[in-house]
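Trainee: based on what follows, work out the 3D shape:
(one chain, ligands or ions: 3)
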Amino acid sequence: MLRKSVVNLRFVKRYFHSNETRIGVLGVPFEEGQPKVGVANGPDAIRKAGLIEQLTTIHEKVDLKDYGNIKYEIMADLVDEIQQNIPNMKGYAHVASCNQKLSKEVERIIRDGRVCLTLGGDHAIAVGTVDGHIKAKNEDLCILWVDAHADLNTNRTSSSGNVHGMPMALLASELADYWPYLPGMDWQKPVISIRNVAYIGLRSVDSYERLVIDKLGITAFGMEDVENYGISTVVKMALDRIDPERKRSIHVSYDIDSLDSLEAPSTGTSVRGGLTLREGIQIMEMIHSTGRLGAMDLVEVNPSIGSEQDVKRTVDAAIHIIMAAVGHSRRGLRLKDVDTLPLQTFPPTRQLI
Ligand SMILES: NC(=[NH2+])NCCC[C@H](N)C(=O)O
Ligand SMILES: [Mn+2]
Ligand SMILES: [Mn+2]
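Mentor: Ligands and ions are numbered 1, 2, ... in the order given. Below is the predicted model:
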């Protein structure tokens, strides 16, 4: 009897929660963090495939606002500065300028009471989105970094000089001492502890990144862990580590290259042997069920890579993942009247994690 009412309460809570979803979508047509043209068109390709329309069909009461694409001005003084002295950070002036604006936008959207969905663009934009999230919530935050790569290089360890391989190292407080002074980045405070970060999907990690992961004891689930434990156990273990009290706002930084190349071919640094789309969706359904997703980045969709069919497949995968993040259920949406009827779902609805 008691148990049943607990279950019902959970359900009501979840239903209520899912019924009041407020979402803000922001596009960041940014590609200076890596060398391949086209990733700046990611946001428009995802919108064109119907993201906004699909999002509004999830529940009766999705309150969605599309904030359009971000525009930024390059800080003129930085252009000279970079030419003189920021070694091994290609496109640095753009990275600093875009992220400063982006952080402000993300902060505004979250303060507006919305889950901020940022469409990339390359992964260098996570510096701005995480910073904005931290500033808006004014509280502890945890990060789930879903990616084939750790994006944990500094300008000293990176062999490519591509900033999309560095955002996590720019954000982590433990790595602040390993950077030179970065002009134009004073707005960004590396305040998030790497203890509050978990990786899922890793399979292409550079040696220095591996060293940092091991030395700092970073929670990192590579593909072999997904294989060994299964994706739901991996997500539970990740949350146990980064949000043990289940109270933090969750930031998901989702690189589409976490998916296998067959599932998401149109991306700049794809790696075989990755997540299936099913696993990718499952991650976000579970995060949604916590009720604490604060912001999500979906990055590295590059519509200039591959055939038309490749692009369609990649964009489609991105949309499925985003839909799961904001409450689309593969079981189908329950009608509101069901609240008063006994539930007879078999197998039982997954418990909140
Ligand atoms: N966001 C990404 N796709 N990053 C790929 C990074 C690849 C490599 N580790 C580098 O630092 O250059
Ligand atoms: Mn990646
Ligand atoms: Mn990445």
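Trainee: how about low-confidence regions in the stretch 1-150 of the chain?
Mentor: Low-confidence segments of the stretch 1-150 of the chain (pLDDT under 70): 1-19, 81-85.
Trainee: contacts only, for residue 175.
Mentor: Contacts of residue 175 were listed using Cβ atoms under 8 Å, 6 or more residues apart in numbering, and they are 152, 154, 169, 190, 194, 212. C-beta here means a position set from N, CA and C on the backbone, and glycine is covered the same way.
Trainee: just to be sure, it is in a strand?
Mentor: No: under the criterion used here (DSSP: H, G, I helix; E, B strand; the rest coil), residue 175 is helix, not part of a strand.
Trainee: if I look at the spatially closest residue to residue 263 that is not a sequence neighbour, how far off is ligand 1?
Mentor: In this structure, residue 263 finds its nearest non-sequential neighbour in residue 277, 4.8 Å apart by Cβ to Cβ, 6 or more residues apart in numbering. Applying Cβ to the nearest ligand atom, to the nearest Å, the value for residue 277 to ligand 1 is 18 Å.
Trainee: quick one: neighbours of the residue in the stretch 101-250 of the chain that ligand 2 sits nearest to, just the number.
Mentor: Nearest residue of the stretch 101-250 of the chain to ligand 2: residue 149, at 3.8 Å (Cβ to the ion). Residue 149 is flanked by 25 other residues according to other Cβ atoms under 10 Å.
Trainee: again, but for residue 235
Mentor: 26.
Trainee: name the residues that touch the helix or strand containing it?
Mentor: Per DSSP states H and E: residue 235 is located in helix 231-242. With Cβ under 8 Å, 6+ apart as the test, helix 231-242 has contacts from 142-144, 195-198, 200, 219, 221, 225-226, 229, 246, 248, 275, 279, 282-283, 286-287, 290, 353.
Trainee: ok so, going back, quick check: the residue of the stretch 101-250 of the chain closest to ligand 2 vs ligand 1, distance?
Mentor: 4 Å.
Trainee: quick check: that residue touching residue 202?
Mentor: Yes: using Cβ atoms under 8 Å, residue 149 is in contact with residue 202, at 7.2 Å.
Trainee: how about the helices in the stretch 101-250 of the chain?
Mentor: Taking DSSP state H, counting those that start in this stretch as the test, the helices found in the stretch 101-250 of the chain are 126-137, 167-171, 207-216, 223-229, 231-242.
Trainee: which residues are contacting the third one?
Mentor: To tie it back to what came earlier, the one meant is helix 207-216. 150, 152-153, 157, 169, 174-175, 194, 199, 205, 218, 220.
Trainee: name whatever forms a beta bridge with the closest residue to residue 248 other than its chain neighbours.
Mentor: Leaving aside its sequence neighbours, residue 248 sits nearest to residue 142 (Cβ to Cβ, 6+ apart; 4.6 Å). Beta bridges link residue 142 to residue 250, judged by DSSP bridges.
Trainee: pull the contacting residues for residue 252.
Mentor: By Cβ under 8 Å, 6+ apart, the residues touching residue 252 are 143-144, 146, 284, 287, 293, 295-297, 325.
Trainee: what pLDDT is listed against the residue lying closest to residue 202 once chain neighbours are set aside?
Mentor: Of all residues not flanking residue 202 in the chain, residue 222 sits nearest, at 4.2 Å (Cβ to Cβ, 6+ apart). If you check residue 222, the pLDDT there is 98.
Trainee: and the one 4 residues further on, by the same measure?
Mentor: For residue 226, the model assigns a pLDDT of 98.
Trainee: likewise residue 317?
Mentor: So residue 317 comes in at 99 (pLDDT).
Trainee: for it, grab the count of nearby residues.
Mentor: 24.
Trainee: and the strands in the stretch 51-200 of the chain, which stretches?
Mentor: Along the stretch 51-200 of the chain, counting by DSSP state E, counting those that start in this stretch, strands occupy 63-69, 115-120, 141-146, 197-202.
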